[in-house]
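[1] I would like to see how this sequence folds:
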Amino acid sequence: MEKRLENITKMENILNRTDELISEMEKLLEKWEQNQQDFNDLMNYYTSEERGKDLEDDRLQIIPQDLPRGVLSEDAVFDTYGNRKDLSIKMIKLGVAGLE
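    From the prediction side, this is the model:
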């Protein structure tokens, strides 16, 4: 009987932990969804003529050197895009695995 009670406790803990994760994931996915348009704006900027002008102005040191401008670096936006894509693929795989 003790083994069964231990198993019930273990399963109860799994249930509670899973419910907590679901709640956290719902909140995070809502933030992810809200960020979608901003991310699209970033990607449009990344390939825009405007960014090209900003890069040139940065090269000419017209843009203040103390202004945060990671968006003008070679890799920051590209890396964020790649990381986001990898995470999206992982979410798809986890979603499919959760349905199987």
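[2] Closest to the centroid, which residue in the protein?
    R84 (5.2 Å; Cα atoms, centre = their mean).
[3] okay but that one is in contact with F39, surely?
    Yes. Under the criterion of Cβ atoms under 8 Å, R84 is in contact with F39, at a separation of 7.0 Å. Backbone N, C-alpha and C define where each C-beta goes, glycine included.
[4] Now the phi/psi pair for the residue nearest to the centre of the chain, please.
    The phi/psi pair for R84 (degrees, to the nearest 10) reads phi -70, psi -40.
[5] what's near enough to touch it?
    Counting by Cβ atoms under 8 Å, 6 or more residues apart in numbering, R84 touches F39.
[6] how close does it get to L21?
    Distance, R84 to L21, by Cβ to Cβ, to the nearest Å: 21 Å.
[7] Kindly report the same for L99.
    From L99 over to L21 the distance is 16 Å, taken as Cβ to Cβ.
[8] So which of the two has more stuff around it?
    L21 (10 against 6; other Cβ atoms under 10 Å).
[9] Having no further points to raise, I will conclude here.
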